[in-house]
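Visitor: Fold the stuff below for me.
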Amino acid sequence: MGVLPAPSGPHRVGVVEVDVPAPTPAGRVPCAIYYPAQPKSATDAKPKQLRWLPPGYAAAIGEAQLGDMFGATLGSALMAGFGPLATGYETVRAEVSAPPLTAEGNNDEPWPAAVFSHGLTGWRHVCSSFIVEIASRGAVVVAVEHCDGSACVAVGSEEDGGKTTVLAKYVSWEREKIPELKRAGVDDVGAATREWRREQCDQRRVELHAALDGVRDALRRALGVSVDVRADRDCAVVGQSFGGSAALSCVLADGASNGTTGSRARFSRCLAFDPWIEGDDDDAVFPLRPEHYAAGFSPALRRLTVWRNGRWDLAPAVAKHTDRLGENFSGSDGTVVVHDCKDCDHFAQTDVPVVFERGPLSFVYRVLKGGGSSKDDKSLDALTFLLSARAQTVAALDGWLVGEPADCEPGTATA
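Guide: The predicted model follows:
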């Protein structure tokens, strides 16, 4: 029996893993797509569930997180061997290819669509508890695995015979990017690495839009039936860490250039879990682009919700920059909500603390906390906090999940 909580919404949740076309170097972006599924019947076979951390992903995390300590090869081998065991071979709380619930199950309305962006060294399942919960309450949610060199690994599916291919591997800032820039004779390495992060954020934004552009066709290919999804407007974008800044980038640049929607703004809700934003002044901010940071939000955005965790090195910078963004948004007709989680580390709004703190090798959890420093606080129960944050996530989508479109006529955003 796994440790991740089951979804609490009224709908059974199905999931498929499929690639969607993207105008990026990889040419596609791998996704896990979650959707409301038909109720179980007595004749249903035992459901198939996806492994939360497959060995290949564990190996990639070991290379990314343990490379400095043990070297890339040994770090990869250690996590490949012990990582899945440390999770108790946890699975995602959704059923592979479960028959989808038609629009009749949503009062003949198309399902609203959300897209999720993971953090550095993350992967498609790292926040599965939040994604499954949203889907269980009546939405299609696309979890993207980014191909910009920020995922632990991005694995595509050929869909013909079940073959897979590695589309992108993690690129370390310290071990790879900085030495590369120095070898190239770059004078200001700091400025160049900040621009590299902005370019990654730009690609993430393109991939998030591509995922929504392709979600209907992807579901039809994977399931053999059409699923009615409202993916061109009134969408939600959700992200954690680097994914949080990518989510903010989407709503700051919304309407400028976003796939099939043209110049029409796409997002009405933005949820940013402890977004990674740093830089001493507006011109140096990253990974957001300074011009997006200063421009303000799309008029289509109706609700902005931000979680800020106190126990990591960048907490002061995150607070400063999100306060500034909140001030920019407060002048609109929308709502901004900030959850200050002072006793939480950077990964608190992910599955990671629950899976590893409650797994058979709980010490491995400390390896995966490398993205942000923290202090031990055993009084803070990871599952209790996850359930609380999950409830806050549902509240942030109130009125959107039940098929009531937000009052936001598509508008043109500042670039």
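
Visitor: what ranges of the protein fall below the confidence cut-off?
Guide: Within the chain, the segments meeting pLDDT under 70 span 1, 42-43, 103-107, 158-163, 255-264, 330-333, 360-380, 402-415.

Visitor: I'd like the distance between the residue nearest the centre of it and residue 144.
Guide: Most central in the chain under CA atoms, centre = their mean is residue 117, positioned 2.4 Å from the mean C-alpha point. Separation of residue 117 from residue 144 (CB to CB, to the nearest Å): 6 Å. The C-beta positions use only the backbone N, C-alpha and C, and glycine is treated the same way.

Visitor: circling back to that earlier point, surely the residue nearest to the centre of the chain meets residue 146?
Guide: Yes - Residue 117 lies in contact with residue 146 (CB atoms under 8 Å); the separation is 7.0 Å.

Visitor: Spell out which residues are contacts of both of these two.
Guide: Residues touching both residue 117 and residue 146 (CB atoms under 8 Å, 6 or more residues apart in numbering): residue 204.

Visitor: How about the contacts made by residue 49?
Guide: Contact analysis of residue 49 by CB under 8 Å, 6+ apart lists 91-96.

Visitor: ok so it is a strand residue?
Guide: No - going by DSSP: H, G, I helix; E, B strand; the rest coil, the assignment for residue 49 is coil, not a strand.

Visitor: Show me which residues of the longest helix seen in the chain are buried.
Guide: If you go by DSSP state H, the chain has its longest helix at helix 189-213. By neighbour count on 16 or more other CB atoms under 10 Å, the buried set for helix 189-213 is 192-194, 196-198, 200-213.

Visitor: Remind me what it packs against, helices and strands.
Guide: Here helix 189-213 touches strand 12-21, strand 28-37, strand 111-117, strand 140-144, helix 178-183, helix 242-252, going by 3 or more CB pairs under 8 Å, 6 or more residues apart in numbering; DSSP states H and E.

Visitor: Can I get the ones you listed in CSV including distance to residue 390?
Guide: Listed next are the helices and strands packed on helix 189-213 as CSV, based on distance: least, CB to CB, whole Å:
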stretch, distance to residue 390
strand 12-21, 14
strand 28-37, 14
strand 111-117, 14
strand 140-144, 13
helix 178-183, 37
helix 242-252, 16
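
Visitor: I'd assumed residue 303 was in contact with residue 272.
Guide: No - judged on CB under 8 Å, residue 272 makes no contact with residue 303 at a distance of 11.6 Å.

Visitor: Give me the more crowded residue out of the two.
Guide: Neighbour totals were compared for residue 272 and residue 303, and residue 272 leads with 30 against 22 (other CB atoms under 10 Å).

Visitor: give me the beta-bridge partners of the more buried one?
Guide: Beta-bridge partners for residue 272, by DSSP bridges, are residue 239, residue 306.

Visitor: ok, now which ones touch it?
Guide: Neighbouring residues of residue 272 by CB under 8 Å, 6+ apart: 238-239, 244-245, 247-248, 304-307, 322.

Visitor: you'd agree residue 169 is up against residue 149?
Guide: Yes - counting by CB under 8 Å, residue 169 does reach residue 149; the two are 7.1 Å apart.

Visitor: Look at these two and report which has more neighbours.
Guide: Remark: of residue 169 and residue 149, residue 149 carries more neighbours, 19 against 16, as counted by other CB under 10 Å.

Visitor: Who are the contact partners of the more buried one?
Guide: 168-171, 200.

Visitor: Same check on residue 7?
Guide: Contacts of residue 7 by CB under 8 Å, 6+ apart are 13, 93, 132-133, 135-137.
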